[in-house]
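**Q** Requesting a structural model of the entry that follows:
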Amino acid sequence: MARETAMELQDPKMNGVLPSDAVGYRQEREGFLPSRGPAPGSKPVQFMDFEGKTSFGMSVFNLSNAIMGSGILGLAYAMAHTGVIFFLALLLCIALLSSYSIHLLLTCAGIAGYLGYTSGLSLTCMLFFLVSVIYKKFQLGCAIGRNETAMESEAPVGLPSQGLNSSCEAQMFTVDSQMSYTVPIMAFAFVCHPEVLPIYTELCRPSKRRMQAVANVSIGAMFCMYGLTATFGYLTFYSSVKAEMLHMYSQKDPLILCVRLAVLLAVTLTVPVVLFPIRRALQQLLFPGKAFSWPRHVAIALILLVLVNVLVICVPTIRDIFGVIGSTSAPSLIFILPSIFYLRIVPSEVEPFLSWPKIQALCFGVLGVLFMAVSLGFMFANWATGQSRMSGH
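**A** Numbers count the residues shown, from 1 in each chain. Next comes the predicted model:
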């Protein structure tokens, strides 16, 4: 918190406003993204007023913690409506696109300040979740008895236990009406972009290449965790899997109760990583130029937490949360905004508008707009035709 307070009081010229001319841009870029050592006898150029102390490994933990969240619970549902191979291909595409969008952000990066040190514990909780999902797959197999899942109450009294799965065959490629939720769920699971630059500020020996390596390792690790979680969750329940996978297991199973607690702890520990940049952005937007104030600092945090909790309580299904946020906020943060920042901030003297990097960034932004329009269109169509089924929180 003290470090964040210090950053609130820093010189206004360090707030990420790049000069318009190319020479100034190169000087700013060289200071923020050093690519070579200082000249003999000269003072090293720093991109901020204090040097980061966080190691490469801890930065990977922090960014992985920012990526990982409740989206992991819906990945098995996404696999059930795309098939194993198609899901893994889509997940890999989203991971690669997320890495490219972080590259755009680092290229035109400004300044932001904070970070906690709870990420290692949060990742441990999610690893416990993954190991438990794998264990339950081998324990339950395919034939799931009457008392094994939370769905047991839906079976008519007196009928023999037939399990939940109409088929125990894994589908490699699947297309159905619920597929419109799958890519938004994946995109939601990879959102971490508001936290990239604050994590950069704490990185020891910061450079663009070093931070990009942090991002690549973090995204790669989360891709493996997501892929394993979705695969073993899907192979446990197949087409019966729900958007919130933990609802499929017995509510009386001690292991599942521990897993629920671990997931709750992991998501709770992610809140500071996400809350700090949002709060800082609101303070910059609503109270520019004003001195730091603890009452205002705390009030903004409380208001944000209350609003989030009210929305979670009011929205009927977690699948709708994944779908709506994954179709709106996720493409904005992953595709649209990084490309706009790159096109707007990098001056034409350095990168002409028709240069290949800017054409790539433009196509990247257009892809995000198309993704948002198509995803929302399919979801609205599902709601209008009544094809989407309700699933609990």
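**Q** Where is the longest helix in this structure?
**A** As assigned by DSSP state H, the longest helix anywhere in the chain is helix 254-286.
**Q** How far away from the center of its chain is the helix or strand just after that one?
**A** Counting by DSSP states H and E, the next helix or strand C-terminal to helix 254-286 is helix 294-314. The chain centre lies 20 Å from the centre of helix 294-314; the measure is Cα atoms, centre = their mean, to the nearest Å.
**Q** average pLDDT for the longest helix of the chain?
**A** Taken as a whole, helix 254-286 has an average pLDDT of 84.
**Q** ditto for stretch 369-383
**A** 86.
**Q** go on, stretch 102-115?
**A** 66.
**Q** Likewise for stretch 182-191?
**A** 87.
**Q** what do you get for stretch 138-151?
**A** For stretch 138-151, mean pLDDT rounds to 56.
**Q** low-scoring stretches of the stretch 1-150 of the chain, by residue?
**A** 1-52, 109-118, 143-150 (pLDDT under 70).
**Q** can you pull out the helices in it?
**A** Using DSSP state H, counting those that start in this stretch, the helices of the stretch 1-150 of the chain run over 2-8, 22-32, 56-67, 75-80, 84-107, 119-140.
**Q** Out of the ones you listed, flag the one nearest Phe322.
**A** helix 75-80 (8.6 Å; Cβ to Cβ). (C-beta placed from N, C-alpha, C; glycine too.)
**Q** and the closest one, C-alpha only, in CSV?
**A** Provided in CSV are the C-alpha atoms of helix 75-80 (Å, rounded to 0.1, in the frame of the first residue of the first chain):
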residue,chain,number,x,y,z
LEU,A,75,-13.7,-24.5,-19.2
ALA,A,76,-15.0,-28.1,-19.0
TYR,A,77,-18.4,-26.8,-20.0
ALA,A,78,-16.7,-25.1,-23.0
MET,A,79,-15.0,-28.3,-23.9
ALA,A,80,-18.3,-30.2,-23.8
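**Q** who are the neighbours of that helix, in terms of helices and strands?
**A** helix 84-107, helix 182-189, helix 208-237 (3 or more Cβ pairs under 8 Å, 6 or more residues apart in numbering; DSSP states H and E).
**Q** of the ones you listed, which approaches Val267 most closely?
**A** Across the helices and strands packed on helix 75-80, closest to Val267 is helix 182-189 (Cβ to Cβ), at 12.6 Å.
**Q** any idea of the angle the closest one forms with helix 84-107?
**A** 40 degrees (axes from the mean of the first three to the mean of the last three Cα atoms, to 10 degrees).
**Q** Quick one: residues in contact with helix 182-189.
**A** 67, 69, 71-72, 74-75, 77-79, 81-82, 87, 90-91, 94, 222, 226, 243, 322-327, 330-331, 334, 371, 375, 379 (Cβ atoms under 8 Å, 6 or more residues apart in numbering).
**Q** wait, doesn't Leu104 sit right on Ile340?
**A** No: with contact defined as Cβ atoms under 8 Å, Leu104 does not reach Ile340; the gap is 9.4 Å.
**Q** Could you give the number of residues near Ile199?
**A** Counted with other Cβ atoms under 10 Å, the neighbours of Ile199 add up to 30.
**Q** What score does it have for pLDDT?
**A** Listed pLDDT for Ile199 reads 82.
**Q** mind checking how far it is from Ala221?
**A** 15 Å (Cβ to Cβ, to the nearest Å).
**Q** Show the pLDDT at Ala230.
**A** 92.
**Q** How about the one 10 residues further on?
**A** The pLDDT attached to Ser240 in the predicted structure is 84.
**Q** Can you get me a residue count around it?
**A** 16.
**Q** Could you confirm Pro347 falls within a helix?
**A** No: assigned with DSSP: H, G, I helix; E, B strand; the rest coil, Pro347 falls outside any helix and is coil.
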